[in-house]
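one predicted model, sequence on top.
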Amino acid sequence: MDADNAVCGREPDSQYVELAVEVFAMLADATRIRIILALRDGELPVNQLAELIHKSQASVSQHLAKLRLGRVVTTRQAGTRVYYRLANEHVRQLVTDAIFQAEHSLEGTPRHHHADITD
C-alpha cells in the first residue's frame, strides 16, 4: 500500500505538490473553468466554445492556448478546423469537485446531494 502512495505522489513531501499548485493556478480563472465544463462531454471547435461560454473567439483561443500549454486540453485537426478536448478525465473530475465544493458554501443541502448527478 505504501508503494501505491509513493507512485501516485499523494504524500505531503511529494515532488508533485508544486505541480499540483500550478494546476490549481491554471484553473483559477472563470473562463477556463467554463471551457472545461463545456468540453466535459466531448470535443468542440473554438467558435462553438465561444458561443457556449459567451466570450469572443479571440479570448477563448487565448485561454485554450494556456490550457494546451498546461496539458489540460489537446487538439485534433479536421481540415481547417481545430477541435479541442480534455486531455484526461482528471481535470474534468477536479472541476466537478470544485463546483460541488462551491455548492457547499450555499445554505441547505447542496444540489449534488439530492440525487444521482451525472457529470
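That came through fine.

which stretches of the chain have low pLDDT?
By pLDDT under 70, the low-scoring segments of the chain are 1-8, 107-108, 114-119.

the helices in it, which residues?
Using DSSP state H, the helices of the chain run over residues 2-8, 16-27, 30-39, 46-53, 57-69, 89-103.

could you give me the buried positions within the longest one?
When you say that, I think you mean helix 89-103. Using 16 or more other Cβ atoms under 10 Å as the test for burial, helix 89-103 gives 91-92, 94-96. Just so you know, the C-beta spots here come from the backbone N, C-alpha and C atoms, and that holds for glycine as well.

check the fifth one too.
Residues of helix 57-69 classed as buried by neighbour count (16+ other Cβ under 10 Å): 60-61, 63-64, 67.

give me the contact list for it.
Helix 57-69 is contacted from outside by 26, 29, 31-32, 35-36, 46-47, 49-50, 53, 73-75, 84, using Cβ atoms under 8 Å, 6 or more residues apart in numbering.

closest to residue 106 among the buried residues of helix 89-103?
In terms of Cβ to Cβ, no member of these lies closer to residue 106 than residue 96, at 16.5 Å.

what's the spacing between the closest one and residue 32?
To residue 32, residue 96 is 14 Å away according to Cβ to Cβ, to the nearest Å.

now do residue 67
Look at residue 67 and residue 32: by Cβ to Cβ, they are 6 Å apart.

find residues that contact each of the two.
residue 26.

in JSON lines: the helices of the chain, plus distance to residue 109.
Listed next are the helices of the chain as JSON lines, based on distance: least, Cβ to Cβ, whole Å:
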{"stretch": "helix 2-8", "distance to residue 109": "32"}
{"stretch": "helix 16-27", "distance to residue 109": "26"}
{"stretch": "helix 30-39", "distance to residue 109": "22"}
{"stretch": "helix 46-53", "distance to residue 109": "28"}
{"stretch": "helix 57-69", "distance to residue 109": "33"}
{"stretch": "helix 89-103", "distance to residue 109": "9"}
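
all good on my end, thank you.
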